[in-house]
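Asks: The amino acid sequence is not available; the structure is as follows:
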């Protein structure tokens, strides 16, 4: 698989349920970020987790990072219909001490939350 | 909250024509990026730009592409001679510091480029 692969590709849940999305990547990273994209709109930054962090919270979002497995998960608790969107993980590669700006995105998970 | 703005929202161009996509990054940001997303595919990195120079570019960013910061507020992507396969959504982004230094990127809503 390529850098930044999410699964599942699509997730359909009822309002109030939790949604979990997973991301795997291949190379060493400085950080991993999650973005949301509503249909026809740009990418909205949700949360950034550094390579030396294991878990991070922001409101209803919880992100974990396991650098030994090169994987991350995004948990959205108590989902709402407004959470319906595509969710992407993106990795900022570690470049041997030189920091660059390139983000490598995964294919994304399409989340549908039914009212 | 400050936003990245992109114009136009939709651009239709004949194959072989030049096109310029415009972006106004967040005002105190110094690092700028272009990405593209072909329909149904991943968002792909094109180029990063800092201090009036390209910092990094992908294989996609060939001689047909160029970027410029013509003044203190605009950041443009030019495609010299468009091809059918250039049809995509193009996103501009900016950040206060390099993303590798744990800074998020802020994206515009994109320009949908359609090549006929």
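Replies: That came through fine. None of these values were measured; they are calculated from a predicted model.
Asks: Could you use CA atoms for every contact and neighbour count after this?
Replies: Noted.
Asks: Residue A:82 versus the residue nearest to residue A:7 when sequence neighbours are not counted, what's the distance?
Replies: By the measure of C-alpha to C-alpha, 6 or more residues apart in numbering or on different chains, the closest residue to residue A:7 outside its immediate chain neighbours is residue A:22, 5.2 Å from it. The span separating residue A:22 from residue A:82 equals 20 Å under the rule C-alpha to C-alpha, to the nearest Å.
Asks: Ok, residue B:13 next?
Replies: 35 Å.
Asks: So for residue A:22 and residue A:82, which residue has more residues nearby?
Replies: For residue A:22 versus residue A:82, the count of surrounding residues by other C-alpha atoms under 10 Å in any protein chain shown is larger for residue A:22: 21 against 12.
Asks: List the beta-bridge partners for that one.
Replies: Counting by DSSP bridges, residue A:22 forms beta bridges with residue A:7, residue A:73.
Asks: Mind listing the residues bridging to residue B:24?
Replies: Assessed by DSSP bridges, residue B:24 has beta-bridge partners residue B:5.
Asks: Residue B:10 against residue B:111, yeah?
Replies: Yes. In this structure residue B:10 lies within contact range of residue B:111 using C-alpha atoms under 8 Å: 5.3 Å.
Asks: which of those two has more neighbours?
Replies: Looking at residue B:10 and residue B:111 with other C-alpha under 10 Å, you find the greater number of neighbours at residue B:111, namely 24 against 15.
Asks: Now do the same contact list for that one.
Replies: Taking C-alpha atoms under 8 Å, 6 or more residues apart in numbering or on different chains, we find residue B:111 in contact with B:6, B:7, B:8, B:9, B:10, B:11, B:21, B:89, B:90, B:91.
Asks: again, only using 10 Å
Replies: Each residue near residue B:111 by C-alpha atoms under 10 Å, 6 or more residues apart in numbering or on different chains is listed here: A:41-42, B:5-11, B:21-23, B:36, B:88-92.
Asks: Quickly check: the helix-or-strand element of chain B with minimal mean pLDDT near chain A or not.
Replies: One helix or strand of chain B scores below all others by mean pLDDT, DSSP states H and E: strand B:53-57, with a mean of 91. Yes. Counting by C-alpha under 10 Å from any C-alpha of the partner chain, chain A is contacted by strand B:53-57 at B:55, B:56, B:57.
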